[in-house]
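1. here is my input, please return the structure:
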Amino acid sequence: QVQLVESGGGLVLPGGSLRLSCADSRRTFSTYNMGWFRQAPGKEREFVAAINWSGGMTDYADSMKGRFTISRDNAKNTVYLQMNSLKPEDTAVYYCAAAGIFGARHARDWPYWGQGTQVTVSS
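-> Numbers count the residues shown, from 1 in each chain. Alright, predicted model coming up:
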């Protein structure tokens, strides 16, 4: 069973940066495509970014391109989301997801989830 643990969320000023991490202690991590989603209050969970198992391919939602960067370190069983130029509308709970089909952007296509980490962008 995949166990994903996110960290790195918090309160940040508009224009600031945060780096989220998602760790899985299992050796099978390096075989999974990984993704980040987010969910704001009263809204559906939305796709943020994904990276394939090797790290050679990435995919971003249009509103995150140029501001967010997804990466992974398979030696550390960790996927990262570097978020720059944060805006108040980026405020949400951010979830790490695993084992989805690369290119799939709906939450139902990703079978494994972390517990989420809160990101709040506010002055």
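
2. does the residue positioned nearest the centre of the chain count as helix, strand or coil?
-> Compute the mean C-alpha point of the chain, and by C-alpha atoms, centre = their mean the closest residue is W36, 2.4 Å away. Secondary structure state of W36, per DSSP: H, G, I helix; E, B strand; the rest coil, is strand.

3. test my guess that it contacts Q82.
-> No - judged on C-beta atoms under 8 Å, W36 makes no contact with Q82 at a distance of 10.7 Å. Glycine gets a C-beta too; all of them are placed from N, C-alpha and C.

4. show me the shaky parts of this structure.
-> Applying pLDDT under 70 to the chain flags the ranges 1-2.

5. helices of that one, start to end?
-> Shown for the chain, no helices are assigned by DSSP state H.

6. mind listing what the residue nearest to Y80 when sequence neighbours are not counted touches?
-> Nearest residue to Y80, sequence neighbours excluded (C-beta to C-beta, 6 or more residues apart in numbering): S71, at 4.9 Å. Contacts for S71 (C-beta atoms under 8 Å, 6 or more residues apart in numbering) come out as I51, G55, V79, Y80, Q82.
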